[in-house]
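**Q** Next comes the sequence, and after it the predicted model I'd like to discuss.
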Amino acid sequence: MLCGQCKAFCKDAAAHPEFLDSSGANDGEHPVLSTTFRDENGKVLVPKRIVAIYHGLVTDDELASTLGKCAGVDNNSTGSDPTLELARFWLRRCLRTHDGCSKFQSSPPFMPTRVLDVSGGEVRLVETKQESIPEPDQRYVALSHCWGAVQIITTKKATLQDRLTQISTADLSKTFQNAVEVTRKLSFRYLWIDSLCIVQDDGADWEKEAAQMCKIYQNATLTIAAAHAPGGDVGCFKERDGLLQLPFILDFPPTGESTTGSPARVLFTSYGRSEGVGGPEPPLYGRAWVLQEQILSARMLIFDGAQLRWECLSGHGSERSPTGGISRHLGHHKTIRQGLADAGRDYFTLPGFDAAFAARAQHQEWCYAVMDYTHRGMTQPADRLVAVAGIAAALAARTRDRYLAGLWRGLLWLGLLWSIPHEEVEYTPTTVGAFDMDRNPSSRHAASVAPSWSWVSVTAPVVYPVPSIGTTFIQRVCHIEAASVAGTPARQTGTLRIRAHARTAYVDAVYPYAVREAEAARPDMVFRKNPTGGAKALMTHCGRSFHPNEFFLCSTKRPACRADWQLVRGRWRPDEVLDPRTEITFVAVAQQGRGPKVGTVRDGDPLQVFTIGLVPTGRVPGEYRRVGYGLWDDCAWPFWNGMEKADALPDESVYHEAVKVQTKTLVIV
């Protein structure tokens with residue numbers, strides 16, 4: 001039996017538009033076209049059979065013309081002329097019709113401190129303040145790339161003057177050479193590449209330019225992304241058969257009574273709807289620095305292995321699906337990008353939604369971005385604060401809220417609830433395995449780069465209790481009286497003063513594998529994945545097996561023997577290695593009802609209490625630093641189950657008389 005589209009093709013495509021008006025390959029029926037090209041004697045002319053999926057009628061003359069040009073010449077590489085013809089189509093259409101994408105750019109035009117002038121046959125570094133660049137020419141392309149293991153060309157103090165004179169094309173890495181070629185073919189004169197436009201051994205210049213990343217990527221007319229290349233020696237381009245990538249158009253002439261009408265131009269895509277779904281993410285998206293390049297760039301031309309892709313604020317496409325298909329952008333990327341583009345509203349608000357709900361929902365997207373970011377690889381862990389500073393600066397310009405070393409003041413209490421997870425399955429990173437835990441020797445920075453209450457203070461991947469923090473189920477039970485930070489975009493100190501219920505206890509911690517120093521200090525207490533992939537890995541205490549996400553070992557008195565430890569329902573996630581004899585002050589930050597099913601809450605349900613663990617700094621009385629995150633289930637905290645679920649600091653009367661819980665004001669640094 002023929003489907004509707006095939007009936008139209010067999011009879012008269014032009015006369016049956018009702019079967020052919022599907023806007024894309026994600027809707028309706030999807031007939032498969034199998035075509036073999038032969039001559040009049042039946043000999044096969046093309047040694048490949050084309051199997052394609054119906055993708056809808058083509059009503060866009062410009063797209064049809066572009067695809068015609070792409071099919072008219074050899075297309076054996078993602079750097080070929082027909083491929084870049086499609087890139088010109090995307091760029092031209094975005095600049096002409098996407099008002100939202102242009103809102104990223106500053107007025108008057110912004111130019112970085114230095115750019116590469118690629119006009120003519122040579123390349124040279126230009127200091128923009130020293131050049132008279134006419135305003136129409138004040139536009140540039142930026143490059144997003146992996147530095148890789150092979151040394152690439154850089155600018156240093158000793159080579160700066162030489163770079164200002166000339167840079168030999170032969171000295172450029174393959175990726176840089178390809179980027180120069182694309183820049184020229186798209187009719188741009190200036191290109192920004194971090195390794196060449198920042199003086200790498202000048203600390204002051206590096207900090208100044210790193211702080212400008214927000215402006216650099218937001219104001220680039222286009223960002224070229226060498227997504228598939230793990231290093232500069234690989235290049236942007238990849239050889240492939242363009243016939244298997246590009247869609248094609250078949251004209252079905254009218255027949256019968258409609259012979260005078262126009263032909264039906266039907267688009268077919270060679271690979272259908274999957275578009276590589278389920279395959280690994282490219283190496284570029286596993287780098288922490290690249291997150292801000294993805295989020296801040298108004299337009300990205302992405303060299304993604306065997307095909308070229310396009311992403312902008314208003315749409316996306318690929319060679320297989322030029323005006324749609326599947327985007328690699330995650331949900332939190334899109335939410336943040338849209339918030340940055342909408343200059344008319346505060347980022348932490350949403351039209352038509354209650355202010356408190358909107359703030360939590362938008363804050364949750366930031367938490368997802370933090371999880372994405374910290375699960376990516378970073379060559380220098382000390383860059384953890386500065387490498388996200390561009391996104392923070394862009395958001396700070398779109399809100400009245402204050403950014404505090406990785407957290408936001410308006411919902412600072414929620415921002416405190418980060419932790420180093422025991423299991424990797426709590427968050428699936430963009431690129432699996434991008435963060436190499438075995439090469440990360442310490443969970444703390446060698447020299448502090450952020451206050452201990454910020455996730456930036458650790459070097460390991462972190463998670464937030466999502467989606468709980470984006471709902472009204474979780475409620476504040478503390479009061480943050482003051483919070484401040486000081487320093488540079490790369491290194492900050494800070495103080496937080498919190499009034500909350502606090503109690504002391506001792507914990508014999510089970511350490512996440514990411515806390516690598518525990519391997520030497522407490523190898524018996526390091527939680528590892530089950531190497532066989534069988535039953536869930538467990539720890540044991542006095543013959544009883546337990547999972548660190550469900551129980552932890554706690555004592556209300558200084559432990560003298562193994563019998564002093566008790567299994568407490570909940571979880572304790574340390575930020576660093578601690579002596580079990582260290583007294584920890586637990587501060588209650590939030591609570592939520594623990595319903596019978598995930599995402600359900602009923603009056604009278606037991607409560608979970610979200611806490612952070614503190615120890616004295618030893619410098620000033622009453623001054624503490626964070627050492628971990630604790631979640632106390634049911635009566636483990638303990639409290640009366642009838643405790644009122646109110647978004648405020650409860651009275652101490654809710655606790656059992658025997659429990660030494662006090663309301664305290666503590667200073668955390």
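**A** Okay, I see it.
**Q** Residue ranges of each domain in the protein, please.
**A** Domains of the chain are assigned by automatic domain parsing as 4-74+243-269, 101-239+279-340, 373-530+537-668.
**Q** hey, least reliable of those by pLDDT?
**A** For the domains of the chain, mean pLDDT drops lowest on domain 4-74+243-269, to a mean of 67.
**Q** With distance to residue 346 and mean neighbour count added, can I get the domains of the chain in JSON lines?
**A** Bear in mind the C-beta positions are built from the backbone N, C-alpha and C, glycine included. Below are the domains of the chain laid out as JSON lines (distance: least, CB to CB, whole Å; neighbours: other CB atoms under 10 Å):
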{"stretch": "domain 4-74+243-269", "distance to residue 346": "34", "mean neighbour count": "15"}
{"stretch": "domain 101-239+279-340", "distance to residue 346": "9", "mean neighbour count": "19"}
{"stretch": "domain 373-530+537-668", "distance to residue 346": "5", "mean neighbour count": "18"}
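**Q** Compare these and give me the one nearest residue 80.
**A** Residue 80 lies closest, by CB to CB, to one member of the domains of the chain: domain 4-74+243-269, at 6.7 Å.
**Q** which ones are touching residue 573?
**A** For residue 573, the contact set (CB atoms under 8 Å, 6 or more residues apart in numbering) comprises 419-422, 512, 548, 628-630.
**Q** Apply 6 Å and report the result again.
**A** 419-420, 628-629 (CB atoms under 6 Å, 6 or more residues apart in numbering).
**Q** hang on, the earlier thing: just put the domains of the chain in a markdown table and tack on distance to residue 356.
**A** Below are the domains of the chain laid out as a markdown table (distance: least, CB to CB, whole Å):
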| stretch | distance to residue 356 |
| --- | --- |
| domain 4-74+243-269 | 35 |
| domain 101-239+279-340 | 17 |
| domain 373-530+537-668 | 8 |
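**Q** Can you say which of the ones you listed is nearest to residue 355?
**A** So among the domains of the chain, domain 373-530+537-668 is nearest, using CB to CB, at 10.4 Å.
**Q** and that closest one, how far apart are its ends?
**A** End-to-end span of domain 373-530+537-668 (CA to CA, to the nearest Å): 25 Å.
**Q** what separates it from the chain centre, distance-wise?
**A** 22 Å (CA atoms, centre = their mean, to the nearest Å).
**Q** how far away is residue 386 from residue 411?
**A** Separation of residue 386 from residue 411 (CB to CB, to the nearest Å): 23 Å.
**Q** oh sorry, the question was meant for residue 55
**A** 44 Å.
**Q** on that earlier part again, the domains of the chain: which one's closest to residue 351?
**A** So among the domains of the chain, domain 101-239+279-340 is nearest, using CB to CB, at 11.7 Å.
**Q** start to end distance for the closest one?
**A** 10 Å.
**Q** how distant is that domain from the center of its chain?
**A** The answer for domain 101-239+279-340 is 18 Å, by CA atoms, centre = their mean.
**Q** Within its sheet, name the partner strands of the helix or strand hosting residue 568 and how each one runs.
**A** Applying DSSP states H and E as the criterion places residue 568 in strand 566-574. Within its sheet, strand 566-574 is paired with strand 551-555 (antiparallel), strand 623-632 (antiparallel), according to DSSP bridges.
**Q** out of those, which comes closest to residue 74?
**A** Nearest to residue 74, of the strands paired with strand 566-574 and by CB to CB, is strand 623-632 at 57.6 Å.
**Q** sorry, back to before: dump the strands paired with strand 566-574 into a markdown table; add distance to residue 111 as well.
**A** Shown next, in a markdown table, are the strands paired with strand 566-574 (distance: least, CB to CB, whole Å):
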| stretch | distance to residue 111 |
| --- | --- |
| strand 551-555 | 54 |
| strand 623-632 | 42 |
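**Q** Tell me which of the ones you listed sits nearest to residue 306.
**A** strand 623-632 (43.0 Å).
**Q** For the next helix or strand after the closest one, which strands pair with it and how are they oriented?
**A** The C-terminal neighbour of strand 623-632 among helices and strands, as given by DSSP H and E, is strand 662-668. Paired with strand 662-668 in the same sheet, following DSSP bridges, are strand 492-508 (antiparallel), strand 623-632 (parallel).
**Q** Rebuild those as CSV, extending it with distance to residue 92.
**A** Shown next, in CSV, are the strands paired with strand 662-668 (distance: least, CB to CB, whole Å):
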stretch, distance to residue 92
strand 492-508, 43
strand 623-632, 50
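**Q** between those strands, which one is nearest to residue 159?
**A** The nearest among the strands paired with strand 662-668, by CB to CB, is strand 492-508 at 31.6 Å.
**Q** contacting residues around that closest one?
**A** Contacts of strand 492-508 (CB under 6 Å, 6+ apart): 405, 450-451, 453, 478-487, 553-556, 559, 565, 572, 580, 583, 585-588, 661-669.
**Q** ok, back up a step: of the contacts of residue 573, closest to residue 239?
**A** Nearest member of the contacts of residue 573 to residue 239, counting by CB to CB, is residue 420, at 42.6 Å.
**Q** which ones are touching the closest one?
**A** So residue 420 contacts 460, 462, 512, 514, 573 (CB under 6 Å, 6+ apart).
**Q** repeat that for 8 Å
**A** 443, 458, 460-463, 512, 514-515, 573-575.
**Q** now, which of these lie within helices?
**A** Among these, DSSP state H puts none in helices.
**Q** Filter those down to the ones in strands?
**A** Among the contacts of residue 420, the subset assigned to strands under DSSP state E consists of 573-574.
**Q** JSON lines please, covering the contacts of residue 420 and showing distance to residue 314.
**A** Output for the contacts of residue 420, formatted as JSON lines (distance: CB to CB, whole Å):
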{"residue": "443", "distance to residue 314": "41"}
{"residue": "458", "distance to residue 314": "37"}
{"residue": "460", "distance to residue 314": "37"}
{"residue": "461", "distance to residue 314": "32"}
{"residue": "462", "distance to residue 314": "32"}
{"residue": "463", "distance to residue 314": "32"}
{"residue": "512", "distance to residue 314": "41"}
{"residue": "514", "distance to residue 314": "38"}
{"residue": "515", "distance to residue 314": "43"}
{"residue": "573", "distance to residue 314": "41"}
{"residue": "574", "distance to residue 314": "45"}
{"residue": "575", "distance to residue 314": "41"}
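**Q** related to what we said a few turns ago, dump the strand holding residue 568 to PDB, keeping only the CA atoms.
**A** The C-alpha trace of strand 566-574 is given here as PDB (Å, rounded to 0.1, in the frame of the first residue of the first chain):
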ATOM      1  CA  GLN A 566      25.700   4.500  63.700                       C
ATOM      2  CA  LEU A 567      24.200   4.300  60.300                       C
ATOM      3  CA  VAL A 568      22.100   7.400  59.700                       C
ATOM      4  CA  ARG A 569      19.600   7.600  56.900                       C
ATOM      5  CA  GLY A 570      20.700  10.300  54.400                       C
ATOM      6  CA  ARG A 571      24.000  11.100  52.700                       C
ATOM      7  CA  TRP A 572      27.200  12.900  53.500                       C
ATOM      8  CA  ARG A 573      29.400  14.100  50.700                       C
ATOM      9  CA  PRO A 574      32.800  15.500  51.800                       C
END
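**Q** Which strands or helices does the helix or strand just after it pack on?
**A** Beyond strand 566-574 in the direction of the C-terminus, DSSP H and E gives the next helix or strand as strand 584-593. Judged by 3 or more CB pairs under 8 Å, 6 or more residues apart in numbering; DSSP states H and E, the packing partners of strand 584-593 are helix 412-415, strand 475-476, strand 478-487, strand 492-508, strand 607-616, strand 623-632, strand 662-668.
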